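Chemist: Mind folding the following:
(chains A and B)
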Amino acid sequence: AQTVTQSQPEMSVQEAETVTLSCTYDTSESNYYLFWYKQPPSRQMILVIRQEAYKQQNATENRFSVNFQKAAKSFSLKISDSQLGDTAMYFCAFHGGSNYKLTFGKGTLLTVNP
Amino acid sequence: NAGVTQTPKFQVLKTGQSMTLQCAQDMNHEYMSWYRQDPGMGLRLIHYSVGAGITDQGEVPNGYNVSRSTTEDFPLRLLSAAPSQTSVYFCASSNLAGEGGEQYFGPGTRLTVT
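Modeler: Numbers count the residues shown, from 1 in each chain, chains lettered A, B, ... in the order given. Predicted structure coming up:
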């Protein structure tokens, strides 16, 4: 079974600074996908970024980028130029290519301070 | 498109009562799923469906039933509510779940069982 570990229950950052959220996973799959979802206080789950394991290039979406280290099974999220609207719970999630299940980590609560 | 809709948004039940959480999507997605979110636990998969007439269990299926008679709807039934089922419930859908496609989430239902 796959497991996803987020070792930072809470983090804080000053507005305009950069912060990195950690995620590690364990799997025996060779083909899989990794995601970061954001859950603001509104409770809505929003996809931030997606990485395909067979792609060596790290995914980027505007101020959000990942550091995908396949051998180390690590998938960290970097948020540049943090904004107050980035305050949210962030979940790392894993999807093995052979099934339909999405496995989530326990989340990291990020607070951006003015 | 309305995307993924869930009703109700909030519900209070007494122990032993039954109820159905409704989920509908208008994106013609084959894959639909139910998650529960508890503090410090992330999101855990309850049941999922890969098409009309096909359902399967997730990580925490006990106490819940599902059926999928149409592509659009995927209701979740609580047979005899227990306080341990107090949680926030999310429905999600995807058209490429088997290929790591994005899952679109509904707004969630907050359920309290007393």
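Chemist: ranges for the helices of chain A?
Modeler: With helices called from DSSP state H, chain A shows none.
Chemist: Where does pLDDT dip in it?
Modeler: Counting by pLDDT under 70, chain A has low-confidence residues at A:97-99.
Chemist: From the centroid of chain A, which residue is nearest?
Modeler: Among the residues of chain A, A:Trp36 comes closest to the average C-alpha position under CA atoms, centre = their mean, at 3.3 Å.
Chemist: Does that residue touch A:Ser65 like I think?
Modeler: No. Shown here, A:Trp36 and A:Ser65 do not form a contact pair, counting by CB atoms under 8 Å, at 10.3 Å. Any C-beta I mention is one placed from the backbone N, CA and C, and that applies to glycine too.
Chemist: ok and the residue in chain B nearest chain A?
Modeler: At 3.0 Å from chain A, B:Gly100 is the closest residue in chain B, using CB to the nearest CB.
Chemist: and the gap between that residue and A:Asn67?
Modeler: From B:Gly100 across to A:Asn67, the span is 19 Å (CB to CB, to the nearest Å).
Chemist: Of the two, which one has the most company?
Modeler: B:Gly100 (22 against 15; other CB atoms under 10 Å in any protein chain shown).
Chemist: List the contacts of the more buried one.
Modeler: A:Tyr32, A:Tyr33, A:Arg50, A:Glu52, A:His95, A:Gly97 (CB atoms under 8 Å, 6 or more residues apart in numbering or on different chains).
Chemist: So which residues on chain A come close to chain B?
Modeler: Residues of chain A lying close to chain B (CB under 8 Å from any CB of the partner chain) are A:4, A:9, A:32-33, A:35, A:43-45, A:47, A:50, A:52, A:91, A:95, A:97, A:99-107.
Chemist: State which strand of chain B is the longest.
Modeler: When chain B is parsed with DSSP state E, its longest strand is strand B:42-51.
Chemist: Just checking that one against chain A, any contact.
Modeler: Yes. Using CB under 8 Å from any CB, we find that strand B:42-51 touches chain A at B:Gly42, B:Leu43, B:Arg44, B:Leu45, B:Tyr48, B:Val50.
Chemist: which of the contacts of B:Gly100 lies closest to chain B?
Modeler: The closest of the contacts of B:Gly100 to chain B turns out to be A:Tyr33 (CB to the nearest CB; 3.0 Å).
Chemist: one step back: which neighbours do A:Trp36 and A:Ser65 share?
Modeler: Common neighbours of A:Trp36 and A:Ser65, counting by CB under 8 Å, 6+ apart, are A:Ile49, A:Leu77.
Chemist: So which bits of chain B are right by chain A?
Modeler: Proximity of chain B to chain A, by CB under 8 Å from any CB, involves residues B:31, B:33, B:35, B:40-45, B:48, B:50, B:58-59, B:88, B:90, B:92, B:97-100, B:102-103, B:105, B:107-108.
Chemist: and if we set it to 6 Å?
Modeler: Contact residues (CB under 6 Å from any CB of the partner chain) of chain B with chain A: B:Tyr31, B:Gly40, B:Gly42, B:Leu43, B:Leu45, B:Ala97, B:Gly98, B:Gly100, B:Glu102, B:Phe105, B:Pro107, B:Gly108.
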